[in-house]
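Trainee: can't give you the sequence, but here's the structure:
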């Protein structure tokens, strides 16, 4: 039976979160729902016990499976899970469950209203986040609006996004900055803020309807985030997306027409 919901969970050295019960909380919530579901844990070439723990967990849980990738970074890992999903609706969410899985109940009703993509949003508030993280988030919002013109989307970076499955292929196929037809090996933990931005930028260009919905989010300390490095990378990727768009890398009017029927 085709599942209604697919949940994609990227994982790189997440043994601690798995041992702390993150997958248990996902399984507990989903098993109480009336719809069919699947959970796809995509291991990004972890060097700790993530893969073995995830496989052991999946072996005992209905609807869970694990995909093992070489280490190519979070963006490639998420994309792998999105393409592998069978559900009518496909959500990707972080292993640490900073936004708990039950928040999906706030996103799902909007698909019945005709939206193609529904994204969780922290707004401009970052619960329990340190001052530097809040400043980083506000500056990113300002720069995204200035450079790419995101007027109707406040939070592009919340790791809690759901899609109609039929829009995933066209969006991923039209990415330019994150063109996965030429994947490269990653080095260490990676934060790929530009991936979320480019996903939504391309989705808008293709004419898909996007709804931003407030969700609960709690700050989780991560060694993956570096204020200076990630701020500079984020700015560079915004500029690269805009430059690529001006060069016609996203296909211009021909590709814009692909999504018109979904409006």
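Mentor: Perfect, I can see it now. Everything quoted here is computed from the prediction, not taken from an experiment.
Trainee: in the protein, which spans are helices?
Mentor: Ranges of helices in the chain, per DSSP state H, are 15-19, 22-31, 50-60, 74-84, 104-107, 131-148, 165-173, 193-205, 227-246, 252-256.
Trainee: quick check: buried residues in the shortest one?
Mentor: Applying a neighbour-count criterion of 16 or more other C-beta atoms under 10 Å, one finds 104, 106, 107 buried in helix 104-107. (Each C-beta comes from the backbone N, C-alpha and C, glycine too.)
Trainee: per-residue pLDDT, the last one?
Mentor: As summarised for this prediction, residue 107 has a pLDDT of 98.
Trainee: try the first one
Mentor: Residue 104 is assigned 98 on the pLDDT scale.
Trainee: looks like it contacts residue 87 (just checking).
Mentor: No. Using C-beta atoms under 8 Å, residue 104 is not in contact with residue 87, being 11.5 Å away.
Trainee: overlap in contacts of those two?
Mentor: residue 5 (C-beta atoms under 8 Å, 6 or more residues apart in numbering).
Trainee: find the nearest non-adjacent residue to residue 12, please.
Mentor: Nearest non-adjacent residue to residue 12, counting by C-beta to C-beta, 6 or more residues apart in numbering: residue 44, 4.1 Å away.
Trainee: residue 234 versus the one you found, what's the distance?
Mentor: 20 Å (C-beta to C-beta, to the nearest Å).
Trainee: which one's more surrounded, the two?
Mentor: More crowded of residue 44 and residue 234, by other C-beta atoms under 10 Å: residue 44, with 27 against 21.
Trainee: give the bridge partners for the more buried one, please.
Mentor: Counting by DSSP bridges, residue 44 forms beta bridges with residue 69.
Trainee: one step back: which stretch in the helices of the chain has the least confidence?
Mentor: Among the helices of the chain, helix 252-256 scores lowest, at a mean of 45.
Trainee: what's near enough to touch residue 193?
Mentor: Residue 193 neighbours (C-beta under 8 Å, 6+ apart): 140, 157, 230, 233, 234, 237.
Trainee: hang on, the residue nearest to residue 12 packs against residue 75?
Mentor: No. Residue 44 is beyond contact range of residue 75, at 9.9 Å (criterion: C-beta under 8 Å).
Trainee: that older thread, quick check: the farthest pair among the contacts of residue 193?
Mentor: 157 and 233 (12.8 Å; C-beta to C-beta).
Trainee: more neighbours, those two?
Mentor: Taking neighbours as other C-beta under 10 Å, residue 157 and residue 233 compare with residue 157 leading, 20 against 16.
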